[in-house]
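Enquirer: model this:
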Amino acid sequence: MNGIEKITQRIAEDARMEIDDTLKTAEKDAARIKSSFDERIAEEEKELASKNYRVASERLSRLENLAQMESRKVLLAAKQDEIDKVYALALNKLCSMPQEKYVDVLTGLMEKTGVSEGEVLFAAKDAELGKKAILKANNDLGTAFTAAAEPADIRGGFIIHAGKTVINCAFETLVRLSRAETAAKLAEMLF
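Expert: Residues are numbered from 1 along each chain as shown. Next up, the predicted model:
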């Protein structure tokens, strides 16, 4: 081997060693960078998992609140339906009481109106009982009520026309008006 070949060989060996050193340094840098990115990925995965958990928890909480509200609405509607049934039953009982008691109730209502004369309209089915109630009120209370020729479109009770004044004592009206005063107590009793 001559001198040039030795120098060339030496340059090649030095170049290989430099390349090996550069590759080793590059591999170490790549491993360090990869490790750094792996740590960042792990941190971001934790943050995303935490954020997803928070979002899922908040959504679950909102859904639970919505379900509770919906449940309360359904329960309230069911309670309201039961209260409606009680008032409907009360109206049915008023309209179907025995005739003698019915006449007494009508007479008592006529007295409570505070008027002593006027034309009284009854439901078509109550025309005869209405005449009995008018006769009883006129005799017992000294009133001057007269029965109207036409019936009222009501289920029970009566309507008095006394001059320009109209007094509505229809049972459905009385039940509806009493509801405002009695609904809270009724709900307390039922539930």
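Enquirer: and the longest helix for the protein?
Expert: helix 3-95 (DSSP state H).
Enquirer: list the buried residues in the following helix or strand past that helix.
Expert: Sequence-wise, the next helix or strand downstream of helix 3-95 (DSSP states H and E) is helix 99-112. Across helix 99-112, burial judged by 16 or more other Cβ atoms under 10 Å covers 102-103, 105-107, 109-110. From N, CA and C alone the C-beta is placed, and that goes for glycine too.
Enquirer: between helix 3-95 and helix 99-112, find me the angle.
Expert: Note on geometry: by axes from the mean of the first three to the mean of the last three Cα atoms, to 10 degrees, helix 99-112 and helix 3-95 are set 100 degrees apart in direction.
Enquirer: buried ones in the worst-scoring helix or strand of the chain on mean pLDDT?
Expert: Each helix and strand of the chain was given a mean pLDDT (mean pLDDT, DSSP states H and E); the minimum falls on helix 171-190 at a mean of 87. If you call a residue buried by 16+ other Cβ under 10 Å, then helix 171-190 has these buried ones: 171-172, 174-175, 182, 186.
Enquirer: from those residues, which single one is nearest Ala42?
Expert: Ala42 has its nearest neighbour among the buried residues of helix 171-190 in Leu186, at 63.7 Å by Cβ to Cβ.
Enquirer: can you give me the domain boundaries for this structure?
Expert: By the assignment in automatic domain parsing, the chain contains the domains 1-96, 98-190.
Enquirer: could you tell me the least trusted of those domains?
Expert: Ranked by mean pLDDT, these end with domain 1-96 in last place, scoring a mean of 88.
Enquirer: distance between that one and the chain's centre?
Expert: 36 Å (Cα atoms, centre = their mean, to the nearest Å).
Enquirer: who are the contact partners of the closest residue in space to Gly118 that isn't next to it in sequence?
Expert: Using Cβ to Cβ, 6 or more residues apart in numbering and skipping residues adjacent in sequence, the residue nearest Gly118 is Ala162, 3.3 Å away. Residues counted as contacts of Ala162 (Cβ atoms under 8 Å, 6 or more residues apart in numbering) are 115, 117-119.
Enquirer: before we move on, the earlier item: and the angle for the least confident helix or strand of the chain with helix 3-95?
Expert: Angle between the axes of helix 171-190 and helix 3-95 is 120 degrees (criterion: the same axes, to 10 degrees).
Enquirer: need the CA coordinates for helix 171-190. PDB is fine.
Expert: As requested, the backbone C-alpha atoms of helix 171-190 are provided in PDB (Å, rounded to 0.1, in the frame of the first residue of the first chain):
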ATOM      1  CA  PHE A 171    -123.600  22.900  39.700                       C
ATOM      2  CA  GLU A 172    -120.700  22.800  37.200                       C
ATOM      3  CA  THR A 173    -120.000  26.500  37.800                       C
ATOM      4  CA  LEU A 174    -120.200  26.100  41.600                       C
ATOM      5  CA  VAL A 175    -117.800  23.100  41.500                       C
ATOM      6  CA  ARG A 176    -115.400  25.000  39.200                       C
ATOM      7  CA  LEU A 177    -115.500  28.100  41.500                       C
ATOM      8  CA  SER A 178    -115.000  26.000  44.600                       C
ATOM      9  CA  ARG A 179    -112.000  24.300  43.100                       C
ATOM     10  CA  ALA A 180    -109.700  27.300  43.600                       C
ATOM     11  CA  GLU A 181    -110.500  27.200  47.300                       C
ATOM     12  CA  THR A 182    -110.500  23.400  47.800                       C
ATOM     13  CA  ALA A 183    -107.900  22.000  45.400                       C
ATOM     14  CA  ALA A 184    -104.900  22.500  47.800                       C
ATOM     15  CA  LYS A 185    -106.700  20.700  50.600                       C
ATOM     16  CA  LEU A 186    -107.900  18.000  48.300                       C
ATOM     17  CA  ALA A 187    -104.400  17.400  47.000                       C
ATOM     18  CA  GLU A 188    -103.200  17.300  50.600                       C
ATOM     19  CA  MET A 189    -105.800  14.700  51.500                       C
ATOM     20  CA  LEU A 190    -105.200  12.600  48.400                       C
END
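Enquirer: I'm done for today, thanks for sticking with me.
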